[in-house]
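Trainee: Below is the sequence, then the predicted model.
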Amino acid sequence: MEIPEYNPKEIEAKWQKIWEDEGTFEASHDKSKPKYYALIEFPYPSGEGLHVGHPRSYTALDIIARKRRLEGYNVLYPIGWDAFGLPTENFAIQHKIHPKLVTKKNVARFKEQLKSLGFSFNWSREINTTDPEYYRWTQWIFLKMFEKGLAYKAEIPINWCVSCKIGLANEEVVNGGCERCGGEVVRKVKNQWLLKITAYAEKLLNDLDTVDYIEKVKTQQRNWIGRSEGAEVDFPIADTDHKVTVFTTRPDTLFGATYMVFSPEHPLIDEWKDKISNMDEVEEYRQQSMKKSDFERTELIKEKTGVELKGVKAVNPVTNKKISIWISDYVLMSYGTGAIMSVPAHDERDWEFAKKFDLPIVEVIKGGDVKKEAYTDVDDGILVNSGFLNGRPMKEAMEAMIDWLEEKGLGRRKVNYKLRDWVFSRQHYWGEPIPLVHCEKCGWVPVPEEELPVLLPDVEHYEPTDTGESPLAKIKEWVNTTCPKCGGPGERETDTMPNWAGSSWYFIRYADPHNDKEFASREEMDYWLPVDWYNGGMEHTTLHLLYSRFWHKFLYDCGLVPTSEPYQRRTSHGMILGENNEKMSKSRGNVINPDDVVEEFGADAFRLYEMFIGAFDQSTPWSQQGVRGCRRFLERVWKLQEFLTDDEGYSPELEGKMHQTAKKVSEDIERMKFNTAVAALMSLTNEFYAVGRVTRDEFKDFLILLNPIASHITEELWQRNGYEGMLNQQRWVVWDEDKAIEDVVEIPVQVNGRVRGTTTIPREASQEEVRIKILEDENISAFINGKNIVKEIFVPGKIYNFVVK
RNA sequence: GCCGGGAUGAUGGAAAGGCAGACAUGACGGACUUAAAAUCCGUUGGUCCUUACAGACCGUGCGGGUUCAAAUCCCGCUCCCGGCACCA
């Protein structure tokens, strides 16, 4: 039989068409089979097109998905588009094209690119977050949250670009300036919708113990949630009925609290206007810190600043001494109560502040020199200058103080979190409209369920208004509506949702993407959820991953989804860098376009290289030479046909290697050691060449093992060489553990830990047998003769070591 | 500052206490070719020794330690990458 040249272009197009025509990778509706749900983060269809970083994750889970199918699972491996968001909106503004059209164009391009790579996505379940049939349910879930009191409005400072007159997301503020124009960014208070994710802080934290996420992800989430235990303490304000509550993790040091500091935004300051004698000075400080961006407030940490509130004093509830009250921007309104008790002797920040303003420093834990610096290494410290706590160790003092506070009604045990509520409003066009109507009489009223979706209306211009409202505010006929409750005049909310909204539940929709009655049917969710394996980037650990866990837990508490966690397993891939070892970016000019690679080397070579490039969880530079090497390997695989014999079974000389390779490839794929799985297949191929023959069964199993990675060439070789059916209908290779172990092994022989030779022995050989054989070897025994053997270590099948003197 | 991760040939990387450098890339040599490419075969950590076969010593960021045996475990550093950062 004449063997044509390996022509990836032809065979890749051929198999992609067959798979599509036959619906090969459609998840079955037959629920008798065990299911497997593999998920990758659905892409944002940017105008740049696919980047070589995307397919790293997609190929990895494509391999898992394909392997699971060969193992007999009913696999769901879906794809969709996270298409709302700023880049599209900005492009639309610049080019005066409707974002809908921009999105459509970008999606088409991404789709074509993804299809050319031959991923086994379930295309009939494709979803798009900007599709009204999809965002109808995003709005619906939001309304559920609103109903349960988890969505609320609050005055929240946003990042405001003075020149663009636009609110920016935190990630759009780069080095204190606007990402787009580089202009000044200040804080501007706006009335915004927030979601009460903090209500789920405890669950989000504790339930990390129930899921299989890589440790790095768990740690980052734990840090982000930032749970800390302590107490709230009430400080009475002298000569008033007021009291101010603070949160502290160190109630044991209360005797050392010599003054208080409020955040400049603290609302009590306004209430005390008349009492504060230096209100001008105070106001000026407040104005200044208001103008400062978050960046300045946190970066300029060299010197503490602040102003005393003259005319008011607080009382330390345990010493009963009057203490002064200050304001300073190192105290954040958004954490704890917005006010702190200051213990300069044992807190670095307080110490700096006290030094600067010459405030009293009282040592309450023995051991340091509080005149020189704050003494904070106090875990085993003993209390001093602390009344009833004197002489007690710190941990005990902590408990005693809290008990005392609770007894006297002056304080209570308290847990605090760094996690903040989720600012859910965007003053942009290209997002889901928030489905609420404001009525003078009834307040905020949800749009009735049957009227969803609230459609995004067409506008002339996508720029925000001068006041920073979203462009929707300009469409009076859309804004002005009737109150769903009382029928009176009402106004629609013009803020839209952030693009984290649609991605917070998309994996649920995949289970039942065309359902027009519910967000997904219970039956489909019961079968498919949770996601078995979710791979994505580390950059989504604290936002997307946490947000979607929050939404899912909320839905679970409403009895709407069957599991309390959305994702059973979460892994993460490393970045692919440019050939110069720098992050790939247009501006650095080191971007590799997957289309070009596929054009030159083929999709199989591309996928193979994406996996062979290096450790999956590590970042690593691209190498065009490396792709060439993978293409070369596929050429060698193609030529194996020339060595194909009519023999069945494994040949004696390759039997061990076949079993070893099956085991190695299977196990490495599960551990995401794709690079070594590929290496094992290359190594086996080298063996086939060395032997110069390959039996039908050897070739068959080799093709199955290679199929998840290089899917087109293996299907083609399967068909060309007369194997039955299609490769994707076969079963994964079963290996025999015993046969994967060599009967005869070569072990190193050491003398005093240095390798002096090797010996080949039967695996089961006894120490005595091995010993005799070794001592027969003159090269080795030369190192032993004339010396005393002190000790001999024999690890069967591994090593023999003589210790001599 | 805090929390992760990392550092191994010229390069990407392999090695879950047991022969460091699998598998590739590149380089060099050979075969084929009028020639080149492609392909195939071989060599390729360093230093020394040797006609050769062989052999010796050194070597996994740096300094110590544990062990018969350390890239791997422990202690102390350096540098790089990622995340968080006045969170009371």
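Mentor: Perfect, thanks for sending it.
Trainee: Report the contact partners of the spatially most central residue of chain A.
Mentor: Closest to where the C-alpha atoms of chain A average out (Cα atoms, centre = their mean) is A:Thr541, at 2.3 Å. Going by Cβ atoms under 8 Å, 6 or more residues apart in numbering, A:Thr541 touches A:217, A:220-221, A:224, A:572. (Glycine included, C-beta is placed from N, CA and C.)
Trainee: where's it relative to A:Asp532, distance?
Mentor: From A:Thr541 over to A:Asp532 the distance is 19 Å, taken as Cβ to Cβ, to the nearest Å.
Trainee: cool, and A:Lys414?
Mentor: When A:Lys414 is compared with A:Asp532 (using Cβ to Cβ), they lie 39 Å apart.
Trainee: for A:Gly167, same thing?
Mentor: Taking Cβ to Cβ, one finds A:Gly167 at 39 Å from A:Asp532.
Trainee: quick one, which of these two is more surrounded?
Mentor: Neighbours per residue (other Cβ atoms under 10 Å) separate A:Gly167 from A:Asp532, with A:Gly167 holding more: 24 against 20.
Trainee: Give me the sheet partners of the helix or strand that the more buried one is a member of and which way each runs.
Mentor: Using DSSP states H and E, A:Gly167 falls within strand A:166-168. With DSSP bridges as the test, strand A:166-168 is paired with strand A:151-161 (antiparallel).
Trainee: Just the mean pLDDT for the strand it pairs with, thanks.
Mentor: Averaging pLDDT along strand A:151-161 gives 84.
Trainee: Any idea how far the strand holding A:Gly167 is from the middle of the chain?
Mentor: 25 Å (Cα atoms, centre = their mean, to the nearest Å).
Trainee: Looking at the contacts of A:Thr541, which are in helices?
Mentor: A:217, A:220-221, A:224 (DSSP state H).
Trainee: what's the distance between whatever residue of the stretch 601-750 of chain A ends up closest to RNA strand B and A:Lys165?
Mentor: Using Cβ to the nearest atom of the strand, the closest approach of the stretch 601-750 of chain A to RNA strand B is made by A:Gly629 at 2.7 Å. For A:Gly629, the distance to A:Lys165 equals 53 Å [Cβ to Cβ].
Trainee: try A:Gly336
Mentor: 33 Å.
Trainee: More neighbours: those two, which one.
Mentor: A:Gly336 (20 against 15).
Trainee: Show me what residue of the stretch 351-500 of chain A gets nearest to RNA strand B.
Mentor: For the stretch 351-500 of chain A, Cβ to the nearest atom of the strand, closest residue to RNA strand B: A:Lys418, 3.6 Å.
Trainee: what's the spacing between the closest residue to A:Thr249 other than its chain neighbours and A:Met341?
Mentor: Excluding the flanking residues, the one nearest A:Thr249 by Cβ to Cβ, 6 or more residues apart in numbering is A:Gly230, at 3.8 Å. Distance, A:Gly230 to A:Met341, by Cβ to Cβ: 11 Å.
Trainee: secondary structure element for A:Thr88?
Mentor: helix A:86-95.
Trainee: Measure how buried A:Ile361 is and give me the count.
Mentor: With other Cβ under 10 Å as criterion, A:Ile361 counts 19.
Trainee: What sits closest to it if chain neighbours are left out?
Mentor: Nearest non-adjacent residue to A:Ile361 (Cβ to Cβ, 6+ apart): A:Pro344, at 4.5 Å.
Trainee: and the one you found, what does it touch?
Mentor: Neighbours of A:Pro344 in contact, by Cβ under 8 Å, 6+ apart: A:256, A:258, A:350-351, A:353-355, A:359-361, A:370, A:374.
Trainee: So what pairs up with the residue nearest to A:Thr249 in the strands?
Mentor: A:Lys414.
Trainee: From A:Glu687, how far off is it?
Mentor: 64 Å.
Trainee: So the two - more neighbours on which side?
Mentor: More neighbours surround A:Gly230 than the other of A:Gly230 and A:Glu687, with 19 against 16 (other Cβ under 10 Å).
Trainee: so what's that one up against?
Mentor: Applying Cβ under 8 Å, 6+ apart, one finds that A:Gly230 lies in contact with A:247-251, A:413-416.
Trainee: Which ones, among these, also lie beside RNA strand B?
Mentor: The subset of those within reach of RNA strand B, by Cβ under 7 Å from any atom of the strand, is A:247-250, A:416.
Trainee: Where strands are concerned, which of the residues you listed count?
Mentor: A:247-248, A:416 (DSSP state E).
Trainee: out of those, who has the most neighbours?
Mentor: Neighbour counts for these peak at A:Thr248, which has 24 neighbours (criterion: other Cβ under 10 Å).
Trainee: what about the residue lying closest to that one once chain neighbours are set aside, distance to A:Glu363?
Mentor: What sits nearest to A:Thr248 in space, not counting adjacent residues and going by Cβ to Cβ, 6+ apart, is A:Gly230, at 5.2 Å. Going from A:Gly230 to A:Glu363 by Cβ to Cβ gives 21 Å.
Trainee: just A:Asp234 next, same as before
Mentor: Per Cβ to Cβ, A:Asp234 is found 24 Å from A:Glu363.
Trainee: and these two? which has more neighbours close in?
Mentor: The residue with more neighbours, out of A:Asp234 and A:Glu363, is A:Glu363; 20 against 15, by other Cβ under 10 Å.
Trainee: what helix or strand does the more buried one sit in?
Mentor: Using DSSP H and E, no helix or strand contains A:Glu363.
Trainee: May I ask you to confirm that it is in contact with A:Gly256?
Mentor: Yes - A:Glu363 is within contact range of A:Gly256, at 7.0 Å (criterion: Cβ atoms under 8 Å).
Trainee: Give me the pLDDT value at the residue nearest to A:Ile361.
Mentor: The model's pLDDT for A:Pro344 equals 94.
Trainee: Roughly how far does it sit from A:Thr620?
Mentor: Counting by Cβ to Cβ, the gap from A:Pro344 to A:Thr620 is 49 Å.
Trainee: ditto for A:Leu150
Mentor: Distance from A:Leu150 to A:Thr620, by Cβ to Cβ: 42 Å.
Trainee: Pick out whichever of these two has more residues nearby.
Mentor: Ranked by neighbour count (other Cβ under 10 Å), A:Leu150 and A:Thr620 place A:Leu150 first, with 20 against 17.
Trainee: tell me the phi and psi of the residue lying closest to that one once chain neighbours are set aside?
Mentor: Closest residue in space to A:Leu150, ignoring its immediate chain neighbours: A:Lys196 at 4.5 Å, by Cβ to Cβ, 6+ apart. Here the main-chain torsion angles of A:Lys196 (degrees, to the nearest 10) amount to phi -80, psi 70.
Trainee: can you check A:Ile127 too?
Mentor: phi -130, psi 160.
Trainee: Burial check on it, number of neighbours?
Mentor: 21.
Trainee: Could you do the one 4 residues further on as well?
Mentor: Applying other Cβ under 10 Å, we find 17 other residues in the vicinity of A:Asp131.
Trainee: can you give me how far stretch A:305-316 is from the chain middle?
Mentor: Chain-centre distance of stretch A:305-316: 43 Å, with Cα atoms, centre = their mean.
Trainee: Show me where the stretch 401-550 of chain A has its helices.
Mentor: Counting by DSSP state H, counting those that start in this stretch, the stretch 401-550 of chain A has these helices, from start to end: A:476-479, A:506-509, A:522-528, A:544-557.
Trainee: what's the most buried one of those helices?
Mentor: Of the helices of the stretch 401-550 of chain A, the one with the most neighbours on average (mean count of other Cβ atoms under 10 Å) is helix A:506-509, at a mean of 24.
Trainee: And the average pLDDT for that helix is what?
Mentor: 98.
Trainee: List the buried residues of stretch A:401-413.
Mentor: A:401-402, A:404-405, A:410-411 (16 or more other Cβ atoms under 10 Å).
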